[in-house]
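Visitor: Would you be able to build a 3D model of this:
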Amino acid sequence: MKNPKINIIIQARMGSTRLPGKVLQPIMQRPLLGYLIERVRRIQTMHTLIIATTTHPQDDVIASFCEKEKVNIYRGHEHNVLDRYYKTCCEYPADIIVRLTSDCPLIDPAIVDQALNLLLKKSASLDYVSNTQLRTFPRGMDVEAFNFSTLESAYHKATSKFDLEHVTPFIYKHPDLFHLANFVHMRSAANYRLTVDTPEDFLLVSKIFETIYPTNKNFTLVDILDAFKTHPQWKKINAHVKQKKV
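Guide: Coordinates of the predicted model:
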């Protein structure tokens, strides 16, 4: 595929069952979403960044924040997130889509580039690439990349509430319809939890940013794992948190 248009779409909303408003919770006076936008902007592969939020009035603050940050925004269905992704790409046409979520503010840009490089290199034979099907990366480093035709197929064929809410299950549950690939971390780091879904998660992520960011704004997953060696007690902060089933 020559010069493909790439959309990196971050789904974000203020509603959350376990930590309402987490997307704009501040760390060192900057919201989580601000850090995520900053990190995504370091992705080397040319792309368009879009925040896909909802039309619910409580998400007006996300729209206002994105305008302030000069980030593209699309507002769509609150619960049918597959519809939201598809219609984002109707407004911002693309050949390839990267799906990120706002509860992963520590995402390493190099991991996104890794996913894109794999999909671009094998675009003729691959429809979907992720690092989540065989989990070797920490939760919070989740990346999915797929062709627009794959998203469009899921949009037209998926019917269950679960598939519509979580965007990609219809794709990875149907290897008979789509060509899938998974890439792995050279050493499994799956036992680290770096996502933000609970107050304990937020406390841990706050400590990571407060410790590393002031002297190294461009820190990587390697830097995070090194910090855990210096602060082994961090793992206990959210060790008891159970991941919501997807």
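Visitor: Every contact and neighbour count from this point should use C-alpha atoms.
Guide: Fine.
Visitor: mind listing the strands in this protein by residue range?
Guide: Counting by DSSP state E, the chain has strands at residues 6-11, 26-27, 30-31, 48-54, 72-76, 96-101, 128-130, 144-147, 180-182.
Visitor: So which of those is nearest residue 197?
Guide: For residue 197, the closest of the strands of the chain is strand 96-101, at 11.2 Å, according to CA to CA.
Visitor: by contact count, what packs against the closest one?
Guide: Other helices and strands packing on strand 96-101, by 3 or more CA pairs under 8 Å, 6 or more residues apart in numbering; DSSP states H and E, are strand 6-11, strand 144-147.
Visitor: now the ones you listed in JSON lines, with mean neighbour count and mean pLDDT?
Guide: JSON lines is the format used below for those (neighbours: other CA atoms under 10 Å; pLDDT from 0 to 100):
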{"stretch": "strand 6-11", "mean neighbour count": "23", "mean pLDDT": "99"}
{"stretch": "strand 144-147", "mean neighbour count": "23", "mean pLDDT": "98"}
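Visitor: For residue 86, which of the ones you listed is the nearest?
Guide: The minimum distance between residue 86 and those falls on strand 6-11, with 10.5 Å, by CA to CA.
Visitor: what's the closest one packed up against?
Guide: Secondary-structure packing of strand 6-11 (3+ CA pairs under 8 Å, 6+ apart): strand 48-54, strand 96-101.
Visitor: same thing but at 10 Å, please
Guide: Under the contact criterion of 3 or more CA pairs under 10 Å, 6 or more residues apart in numbering; DSSP states H and E, strand 6-11 touches helix 32-40, strand 48-54, strand 72-76, helix 81-91, strand 96-101, strand 144-147.
Visitor: Any stretches of the protein with poor pLDDT?
Guide: Along the chain, segments meeting pLDDT under 70 span 1, 244-246.
Visitor: which stretches of it form helices?
Guide: 32-40, 60-69, 81-91, 109-121, 148-157, 161-166, 169-172, 199-212, 221-230 (DSSP state H).
Visitor: So for residue 102, which of the ones you listed sits nearest?
Guide: Between residue 102 and the helices of the chain, the tightest spacing by CA to CA is seen for helix 32-40, at 6.4 Å.
Visitor: Kindly reformat the helices of the chain as JSON lines containing mean neighbour count and distance to residue 14.
Guide: As requested, the helices of the chain are arranged in JSON lines below (neighbours: other CA atoms under 10 Å; distance: least, CA to CA, whole Å):
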{"stretch": "helix 32-40", "mean neighbour count": "21", "distance to residue 14": "11"}
{"stretch": "helix 60-69", "mean neighbour count": "15", "distance to residue 14": "8"}
{"stretch": "helix 81-91", "mean neighbour count": "20", "distance to residue 14": "14"}
{"stretch": "helix 109-121", "mean neighbour count": "19", "distance to residue 14": "24"}
{"stretch": "helix 148-157", "mean neighbour count": "17", "distance to residue 14": "24"}
{"stretch": "helix 161-166", "mean neighbour count": "16", "distance to residue 14": "16"}
{"stretch": "helix 169-172", "mean neighbour count": "20", "distance to residue 14": "23"}
{"stretch": "helix 199-212", "mean neighbour count": "17", "distance to residue 14": "15"}
{"stretch": "helix 221-230", "mean neighbour count": "14", "distance to residue 14": "26"}
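Visitor: Touching, residue 10 and residue 107? I think so.
Guide: No - applying CA atoms under 10 Å as the test, residue 10 and residue 107 come out as separate, 11.5 Å apart.
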